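Enquirer: have a look; sequence and predicted model below, questions after that.
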Amino acid sequence: MIRINSKLSIPKNEISFRFSGASKPGGQHVNRSNTRATLLFNVDESQTLSEKQKKKIREKLSERINKEGVLQISSQDYRSQRRNRIDAMKRFAGLIRRALERSPRRKDTRPTRSSKEKRLKKKKQRGRRKKLRKKIDPGSVGRDF
């Protein structure tokens, strides 16, 4: 079981791994061994997650989920396949945890008096600046200023 939070754990049978060669320096070792671990989790076929949770994960992690609904997380930081597998599972748990967290509700606030005054002052300055860009009409010199 991979523990996501106090209420949710995902069984390991819903997760699979694919291993490939890592693209890091390491000489002969990296050329001969498949140490990159890619965790595969099919969000749509998960029996542990509710439909609401699946929808939330699909929305928040959409860039990591392919067309078939499979979430992919790769790890190649370590020289051993085992450590990369553990790292991928930790990252998976963190991603799912953050995706399922509720975002805090925004409190409605009003602009302060000084911020309103600042905005109006800048607005006036912009207006003056734009007015100065206009061609001067000889008949209107001295009237608008």
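Expert: Right, received. Where do you want to start?

Enquirer: any idea how many residues pack against Y78?
Expert: Counted with other CB atoms under 10 Å, the neighbours of Y78 add up to 17. No exception for glycine: its C-beta is placed from N, CA and C like everyone else's.

Enquirer: and it, what pLDDT?
Expert: Note on Y78: pLDDT of 78.

Enquirer: grab the nearest non-local neighbour of it.
Expert: In this structure, Y78 finds its nearest non-sequential neighbour in N84, 5.1 Å apart by CB to CB, 6 or more residues apart in numbering.

Enquirer: try E68
Expert: Distance criterion CB to CB, 6+ apart; nearest residue to E68, sequence neighbours excluded, is N42 at 7.4 Å.

Enquirer: ditto for R91
Expert: In space, and not counting its chain neighbours, R91 is closest to I73: 5.4 Å by CB to CB, 6+ apart.

Enquirer: for R97, see how far away the one you found is.
Expert: 13 Å (CB to CB, to the nearest Å).

Enquirer: quick one, what contacts R119?
Expert: P111 (CB atoms under 8 Å, 6 or more residues apart in numbering).

Enquirer: hey, which helix or strand in this protein has the poorest pLDDT?
Expert: Ranked by mean pLDDT, DSSP states H and E, the helix or strand of the chain with the weakest confidence is helix 28-32, at a mean of 63.

Enquirer: downstream of that helix, the next helix or strand is which one?
Expert: strand 36-42 (DSSP states H and E).

Enquirer: show me what the helix or strand that that next one is followed by is packed up against.
Expert: Using DSSP H and E, the helix or strand that follows strand 36-42 towards the C-terminus is helix 51-60. Applying 3 or more CB pairs under 8 Å, 6 or more residues apart in numbering; DSSP states H and E, we find helix 51-60 packed against helix 81-100.

Enquirer: what bits of the protein have low per-residue confidence?
Expert: 9, 22-32, 139-145 (pLDDT under 70).

Enquirer: picking that back up, just checking, the residue nearest to R91 is part of a strand?
Expert: Yes: under DSSP: H, G, I helix; E, B strand; the rest coil, I73 falls within a strand.
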